[in-house]
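*Asks:* From the sequence below, what's the structure:
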Amino acid sequence: MEIANVGYQKVLPTIGTKEGDKALREKTDQFEAIIVKMMLDEAMKDDKNIFSSANDPGDKIYKSMYREELSNASAGGFGFSQMLFDNLSQKGVKKDK
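*Replies:* Numbering: from 1, shown residues only. Model (predicted):
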């Protein structure tokens, strides 16, 4: 059986260009959102139930969705994204000392 060679190859943006910096910023913001979500999950794991039943699956789903949206909305504001962006955008650039 022969595997078909698909000629599709995604071109990655180069860091340092306007498009590359925009793509890098989006990814570092997404990474920060994941970190913030993990912190919120840990901090809010003992919250009271929103719905009447303690075993209501809607309660867990609603809380998870709320924390995810909260973390996405606040991404880029905690500084993790900026530190990561600065580090990755300077990678490979030689600095004179």
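*Asks:* So for the lengthiest helix in the chain, mean pLDDT?
*Replies:* Counting residues, the longest helix in the chain under DSSP state H turns out to be helix 18-43. In this model, helix 18-43 has an average pLDDT of 87.
*Asks:* Return the set of buried residues in that helix.
*Replies:* Going by neighbour count (16 or more other CB atoms under 10 Å), the buried part of helix 18-43 is 24, 25, 28, 29, 32, 33, 36, 37, 40. Where C-beta positions appear, they are placed from N, C-alpha and C, glycine not excepted.
*Asks:* Just give me the neighbour total for the residue nearest to the last one when sequence neighbours are not counted.
*Replies:* This means residue 40. By the measure of CB to CB, 6 or more residues apart in numbering, the closest residue to residue 40 outside its immediate chain neighbours is residue 67, 4.4 Å from it. Residues contacting residue 67 under the criterion other CB atoms under 10 Å number 19.
*Asks:* now for the helix or strand harbouring residue 67, which elements pack on it?
*Replies:* Here residue 67 sits within helix 57-74, counting by DSSP states H and E. Under the contact criterion of 3 or more CB pairs under 8 Å, 6 or more residues apart in numbering; DSSP states H and E, helix 57-74 touches helix 18-43.
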